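Asks: Fold the stuff below for me.
(4 chains)
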2 protein chains.
Amino acid sequence: MENSKDIKGCLDVPDQGDATKTFEISAFFPYQTRVFYKSVSEAVAKVYIDEYDMKPYEWRALAILGKSNMLTPAQLVEESSMDKVTVSRAIASLSKRGWLRSRSNKMDGRSRIVSTSAEGQKAFANLVPKMRAVEHGILRCLDDHEAAEFKRIMQKIVDHQG
Amino acid sequence: MENSKDIKGCLDVPDQGDATKTFEISAFFPYQTRVFYKSVSEAVAKVYIDEYDMKPYEWRALAILGKSNMLTPAQLVEESSMDKVTVSRAIASLSKRGWLRSRSNKMDGRSRIVSTSAEGQKAFANLVPKMRAVEHGILRCLDDHEAAEFKRIMQKIVDHQG
DNA sequence: TAAATATAGTTTCAATAGAAACTACTCTTG
DNA sequence: CAAGAGTAGTTTCTATTGAAACTATATTTA
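Replies: Next up, the predicted model:
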């Protein structure tokens, strides 16, 4: 490491204009979004880790298959916002737990139809109320109007981003 | 894979109650949050990748050091919402680019004081207006009131989550 | 003040994630 | 209908990440 007296830091660097002086990370929208996202996803993760030591992608796949049963991996990709590699691994690890069953897909020999087993449904049925509780816990600090507005705006931003 | 006729899927599994039937992932707040976060962070990543092929942690560290110069790694951890391992690597890789300089910390020999170099300031000065543009692009679809409300509620949720 | 304890930061190690390559099958077209 | 092109899903390979171990220094305490 260089010694204090050898280095002047940027204090002596010529002024780069106002832009750099006023950039406050805590006011930067994507930063706020990240902090918000982390806080929400940690609350959810606590549940599926505590209950079953699941991975995020396991929970996401189960959350979809628990309700919309009999999906192909491609349909799961579409619904889950996960890529096909992640979905493939999610199906593999949930199957290893005995929570999913696959049958052949008569429409396409490269594909298959994935469903939850009784065990998988049991885990899903256990998790869903706990997840609803987490969701309520997060939104508890908002009144109904605030919650609705927030969801509406979040969706609006996503739609406009592409 | 098991054959169709050997497997019944969950359709024959006893009813687990309403909870599982009405759980719709796309209406689940943490899921919406995740989709929202991904869309925002991709827009930001596009800039720092296109400009300098930076890693997320490099951008986050530079975003803070560009303005609040002369920080210890610990201060950077505090401000960045990154853990100390990630911060350590961020400092290492930005230093390798020649964008940061370190001097010894007279207050604590285990620590150091990190500052941006002229090169680092230049990159920061180039990135900041582009990041502001991304931020505006994201918020463009909202009126001022919506944007303010959204930020306020996002902060409120974070504060109440701990 | 020497020993024990605690802390700042780094490195190592193991787990996760995504890109690209691959396999097996389907679809198109000459 | 055979060859070539395209697609679904998996596997392999590489890079990123975080936890735990480690190093060096600071602080506490006997």
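Asks: quick one: the helices in chain A?
Replies: Using DSSP state H, the helices of chain A run over A:18-21, A:29-52, A:56-65, A:73-80, A:84-96, A:118-139, A:144-161.
Asks: Please work out which residues outside the third one touch it.
Replies: Read that as helix A:56-65. A:41, A:44-45, A:48, A:54, A:71, A:76, A:79-82, A:86-87, A:89-91, A:93-94, A:97, A:99-100, A:114-116, A:120, A:123-124, A:127, A:131, B:23, B:25, B:28, B:31 (Cβ atoms under 8 Å, 6 or more residues apart in numbering or on different chains). Glycine gets a C-beta too; all of them are placed from N, C-alpha and C.
Asks: List buried residues within the residues you listed.
Replies: Neighbour counting with 16 or more other Cβ atoms under 10 Å in any protein chain shown marks A:41, A:44-45, A:48, A:54, A:71, A:76, A:79-80, A:82, A:86-87, A:90-91, A:93-94, A:99-100, A:114-116, A:120, A:123-124, A:127, A:131, B:23, B:25, B:28, B:31 as buried within the contacts of helix A:56-65.
Asks: Enumerate the residues of chain A near DNA strand D.
Replies: Neighbours of DNA strand D within chain A, by Cβ under 7 Å from any atom of the strand: A:72-74, A:77, A:84-85, A:87-89, A:91-92, A:105, A:108, A:110-112.
Asks: if we look at DNA strand C, which of the contacts of helix A:56-65 are close to it?
Replies: With Cβ under 7 Å from any atom of the strand as the criterion, the contacts of helix A:56-65 include A:Met82, A:Thr86, A:Arg89 near DNA strand C.
Asks: mind putting those in TSV, distance to A:Lys156 included?
Replies: Shown next, in TSV, are these (distance: Cβ to Cβ, whole Å):
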residue	distance to A:Lys156
A:Met82	23
A:Thr86	27
A:Arg89	33
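Asks: What is the neighbour count of the residue nearest to A:Thr33 when sequence neighbours are not counted?
Replies: Leaving aside its chain neighbours, A:Thr33 sits nearest to B:Val40 (4.7 Å; criterion: Cβ to Cβ, 6 or more residues apart in numbering or on different chains). When neighbours are defined as other Cβ atoms under 10 Å in any protein chain shown, B:Val40 has 24 of them.
Asks: Can you list the low-confidence ranges for chain A?
Replies: For chain A, applying pLDDT under 70 flags the ranges A:1-19, A:162.
Asks: Can you name the residue of it nearest DNA strand C?
Replies: Using Cβ to the nearest atom of the strand, A:Gly109 is the residue of chain A that sits closest to DNA strand C, at 2.5 Å.
Asks: Could you count how many residues lie near that residue?
Replies: Neighbour count of A:Gly109, defined by other Cβ under 10 Å: 8.
Asks: Now it, what are its backbone angles?
Replies: Main-chain torsions, A:Gly109, degrees, to the nearest 10: phi -70, psi -20.
Asks: try A:Lys67
Replies: With angles defined as degrees, to the nearest 10, A:Lys67 sits at phi -100, psi -60.
Asks: Count the residues that sit near it.
Replies: Around A:Lys67 there are 16 residues (other Cβ under 10 Å).
Asks: so how far is DNA strand D from it?
Replies: 19 Å (Cβ to the nearest atom of the strand, to the nearest Å).
Asks: For that residue, which residues are in contact?
Replies: Applying Cβ under 8 Å, 6+ apart to A:Lys67 gives the contacts A:Phe124, B:Thr20, B:Lys21, B:Phe23, B:Glu24, B:Ile25.
Asks: again, only using 6 Å
Replies: By Cβ atoms under 6 Å, 6 or more residues apart in numbering or on different chains, the contact set of A:Lys67 is B:Phe23.
Asks: which bits of chain A sit near DNA strand C?
Replies: By Cβ under 7 Å from any atom of the strand, the part of chain A that sits against DNA strand C consists of A:Lys55, A:Pro56, A:Tyr57, A:Met82, A:Asp83, A:Val85, A:Thr86, A:Arg89, A:Asp108, A:Gly109, A:Arg110.
Asks: farthest-separated two in these?
Replies: Farthest pair in the residues of chain A next to DNA strand C (Cβ to Cβ) is A:Pro56 and A:Gly109. Separation: 30.9 Å.
Asks: what about A:Tyr57, distance to DNA strand D?
Replies: Applying Cβ to the nearest atom of the strand to A:Tyr57 and DNA strand D gives a distance of 12 Å.
Asks: Around that residue, how many other residues sit close by?
Replies: 20.
Asks: now it: how far from A:Ile91?
Replies: Look at A:Tyr57 and A:Ile91: by Cβ to Cβ, to the nearest Å, they are 10 Å apart.
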